[in-house]
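# A predicted structure for the sequence below; I have some questions about it.
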Amino acid sequence: MIDVIIVGAGPAGLSAANVCAKNGLKVKVVDEFMKAGGRLLGQLHEEPDGTWWNGIEEAKKLSEDAQELNVAVECGVSVHNIKQEKSYWKVYTTKGDFKTRALLLATGAAETSLPIPGWTLPGVMSIGAAQVMTNVHRVRVGERGVVIGINILSAAITRELQLAGIEVSSMYLPGKNIVTEDAAKPLSTMKSMLKVASLAPSKLIRLGSYFMKYESLQSLAVRFYPKNGMKVWGMPVHLRKAVLEIVGDKKVEGVKVAQVDVNGEPILSTEKFVPADFVCIAGGLYPLVELAAISGCPFQYIAELGGHVPVHNENMKTPIDGLYVAGNITGIESAKVAMKQGAVAGYSISMDLLKTDVNIEDQLQQAINHVKQTRNQATIQFHPDIHSGREKIHASFKNTLRTDI
């Protein structure tokens, strides 16, 4: 019997594992990727204070700590089922079945697909795939490409591609359809990007965003948005142009672009071909919750957290005995927040299994406070009103307990 099994060797999973191991628990971490670190492995960006956040180095530190603490980290292992027994959880993996007293799901997030005609052509990839290929595998994704989808994630990764010497000619909206919805609307996209405009490299954009607090001004700005886009890092970002189709015979050769009206409807007489040898599609992220779903854990849809999330409290406990969650499975936030959440889960699990050390309760509360501090200091939020989303899911946990009584 293993004390704790953690599914996911990303920032949340490794942080939780290290806390549990420090408290004397036997810990096993499994991850289907070939290397521990999760999303950290692809992250490289400059912070507002000029320092660089190097995800590979952060992952290395967490992995080295885990090794020193004798945490069993097994990569290339997939979990295909979990089942709660009377006093333990049974975890079914491609490397055998295991029993554990406590189970932490730190499965992270997945990318939302935006269906666009031609998206199955070789050379089309998600923006996250481009990040992994560039920063993890050191593979050049192409010579000249375009990004479809304007959001916080695509902006950050596009900059990483540029730093790697890859030309990204433009960023466009996706063509409007039943799936793309708000992502194809200029006004909705502008509102989401205004939340991070203070980080823009252009003084003009930073100054302009200051006056965009009112709906009327935002609508006016969309109407008079430059037809040639607004340059960020030397690359035009188009709020009034969308990709209608990805073009190519046996591989990507370019995209068909058209101007759009303020509602995202294409103006067909403006169609134009833009050459490219790769295309990145950026639809955003959603919590990866399949394992939590088969556990019997209740869920709630909360837009501020990125979609359906398992019900849990501040301690990262679910209403199901012995089941915990941490990281982006609980809502889309930064790797820094995920690491702090992992620590909370680690202390929470340790307190529940050991039941004797009062010290752990104090450390748990400190860890919860660190999550809040990290969230408050975050320069980028993937979803607006993240604090409201957290309050909703924590209230749902309390309501679930009342219903069970």
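In hand now; what should we look at?

# for the stretch 151-300 of the chain, which spans come out with low pLDDT?
Under the criterion of pLDDT under 70, the regions of the stretch 151-300 of the chain flagged as low confidence span 193-219.

# Can you get me the start-to-end distance on stretch 28-35?
Taking C-alpha to C-alpha, to the nearest Å, stretch 28-35 runs 15 Å from one end to the other.

# just stretch 51-58 next, same as before
Terminal residues of stretch 51-58 lie 14 Å apart, using C-alpha to C-alpha.

# model confidence over that stretch, on average?
If you average the pLDDT over stretch 51-58, you get 81.

# quick one: contacts of that stretch?
Residues from elsewhere that reach stretch 51-58 (C-beta atoms under 8 Å, 6 or more residues apart in numbering): 11, 37, 39-47, 135-136, 335, 339. Placement of C-beta: from N, CA and C, glycine included.

# mind checking how far it is from the chain centre?
For stretch 51-58, the separation from the chain centroid amounts to 17 Å (computed by C-alpha atoms, centre = their mean, to the nearest Å).

# what do you get for stretch 352-368?
When distances are taken as C-alpha atoms, centre = their mean, stretch 352-368 is centred 28 Å away from the chain's centroid.

# and if you look at stretch 56-76?
So, by C-alpha atoms, centre = their mean, the centroid of stretch 56-76 is 21 Å from its chain's centroid.

# Quick check: buried residues in that stretch?
If you call a residue buried by 16 or more other C-beta atoms under 10 Å, then stretch 56-76 has these buried ones: 58-59, 62-63, 65-66, 71, 73.

# can you check stretch 287-304 too?
287-289, 291-292, 295, 297-300, 302, 304.

# how about the strands of the stretch 201-350 of the chain, start to end?
Using DSSP state E, counting those that start in this stretch, the strands found in the stretch 201-350 of the chain span residues 230-232, 235-247, 254-259, 272-275, 278-281, 285-287, 299-302, 307-310, 323-325.

# Name every strand pairing with the third one and say which way it goes.
Using DSSP bridges, strand 254-259 pairs in its sheet with strand 235-247 (antiparallel), strand 272-275 (antiparallel).

# CSV please, covering those and showing distance to Ile152 and mean neighbour count.
Compiled in CSV, those are given as follows (distance: least, C-beta to C-beta, whole Å; neighbours: other C-beta atoms under 10 Å):
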stretch, distance to Ile152, mean neighbour count
strand 235-247, 13, 23
strand 272-275, 24, 13
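
# Return the residues in contact with Val29.
By C-beta under 8 Å, 6+ apart, Val29 lies in contact with 5-6, 8-9, 13-14, 17, 36, 66, 71-74.

# Among these, show me the least confident.
In this model, the minimum pLDDT among the contacts of Val29 belongs to Ala36 (90).

# The residue of the chain positioned farthest from its centre: what's it in contact with?
Seen from the C-alpha centroid of the chain, the residue lying at the greatest distance (C-alpha atoms, centre = their mean) is Ser269, 37.2 Å away. Not one residue lies near Ser269 by C-beta under 8 Å, 6+ apart.

# Tell me if Lys99 really is in a helix.
No: counting by DSSP: H, G, I helix; E, B strand; the rest coil, one finds Lys99 to be strand, located in no helix.

# ok, it - contacts?
Applying C-beta under 8 Å, 6+ apart, one finds that Lys99 lies in contact with 1-2, 85, 88-91.

# ok, now Asp352?
By C-beta under 8 Å, 6+ apart, the contact set of Asp352 is 102, 317.

# repeat for Lys392
By C-beta under 8 Å, 6+ apart, the contact set of Lys392 is 300, 302, 304.

# Which helix or strand contains it?
Assigned by DSSP states H and E, Lys392 belongs to helix 386-404.

# Please tell me how far that helix is from the chain's geometric centre.
Taking the mean C-alpha point of helix 386-404 and that of its whole chain, the gap between them comes to 22 Å (C-alpha atoms, centre = their mean).

# and that helix, C-alpha only, in PDB?
Once non-C-alpha atoms are left out, helix 386-404 reads as follows in PDB (Å, rounded to 0.1, in the frame of the first residue of the first chain):
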ATOM      1  CA  ILE A 386     -10.600  34.400 -11.000                       C
ATOM      2  CA  HIS A 387     -11.200  35.400  -7.400                       C
ATOM      3  CA  SER A 388     -15.000  35.200  -7.900                       C
ATOM      4  CA  GLY A 389     -14.600  31.800  -9.500                       C
ATOM      5  CA  ARG A 390     -12.600  30.500  -6.500                       C
ATOM      6  CA  GLU A 391     -15.300  31.700  -4.100                       C
ATOM      7  CA  LYS A 392     -18.000  30.000  -6.200                       C
ATOM      8  CA  ILE A 393     -16.200  26.600  -6.200                       C
ATOM      9  CA  HIS A 394     -15.400  26.800  -2.500                       C
ATOM     10  CA  ALA A 395     -19.100  27.600  -1.700                       C
ATOM     11  CA  SER A 396     -20.100  24.700  -3.900                       C
ATOM     12  CA  PHE A 397     -18.000  22.400  -1.700                       C
ATOM     13  CA  LYS A 398     -19.800  23.600   1.400                       C
ATOM     14  CA  ASN A 399     -23.200  23.100  -0.200                       C
ATOM     15  CA  THR A 400     -22.300  19.600  -1.300                       C
ATOM     16  CA  LEU A 401     -21.400  18.700   2.300                       C
ATOM     17  CA  ARG A 402     -24.700  20.200   3.500                       C
ATOM     18  CA  THR A 403     -26.600  18.100   0.900                       C
ATOM     19  CA  ASP A 404     -24.900  14.900   2.100                       C
END
